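# can you look at this prediction? I've put the sequence above it.
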Amino acid sequence: MIYVDADACPVKAEVEQIATRHKVRVAVVSNGGLRPSANPLVEMVYVPDGPDVADIWIAERAGPGDVVVTGDVPLAAKCVAAGAQVIRHNGEAFTPANIGNQLASRDLMADLRASDPFRQGGGRPFSKADRARFRDALERALRIAAQTPRA
């Protein structure tokens, strides 16, 4: 199963294409506003509004043999701990080896933003290269997940 933290996810179409080729089910989780897919492998999961409701839904279900697509570091940490393969929208993998540093960096950046109310902006724009890296990473993650015994 592929779980997609779908709010603000720029690679939903790529997930659906690759999942269809591999015949893997997908749960696209959001709090609404997304157009349903006609693909029988894609389930749209609409959760109530509220902080981290989609994250909680995914974290309660993801485990060994699953792939999670998210940019949310705390959600990624929970899913990595549960044994899932976890990748960002740009193809970067969250792993047991790097998740601690990812969480620390996230917390540091949150502190920096909070201390400087005039700090503007975000990261660089999402590029074609990011999209290509994501496609490769999802293929890799699905191969690993397929070889992972389920809990």
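Structure's in. What do you need?

# where does the protein dip in pLDDT?
For the chain, the stretches with pLDDT under 70 are 101, 103-123, 151.

# the helices in it, which residues?
Ranges of helices within the chain are 12-22, 53-61, 73-81, 99-115, 128-147, based on DSSP state H.

# out of those helices, which comes closest to residue 41?
Residue 41 lies closest to helix 12-22 among the helices of the chain, at 5.8 Å (Cβ to Cβ). (C-beta placed from N, C-alpha, C; glycine too.)

# tell me what that closest one is packed against?
strand 2-5, strand 26-30, helix 128-147 (3 or more Cβ pairs under 8 Å, 6 or more residues apart in numbering; DSSP states H and E).

# list the buried residues in that helix.
12, 14, 15, 16, 18, 19 (16 or more other Cβ atoms under 10 Å).

# where does residue 148 sit relative to residue 30, distance-wise?
26 Å (Cβ to Cβ, to the nearest Å).

# between these two, point out the one with more neighbours.
residue 30 (19 against 15; other Cβ atoms under 10 Å).
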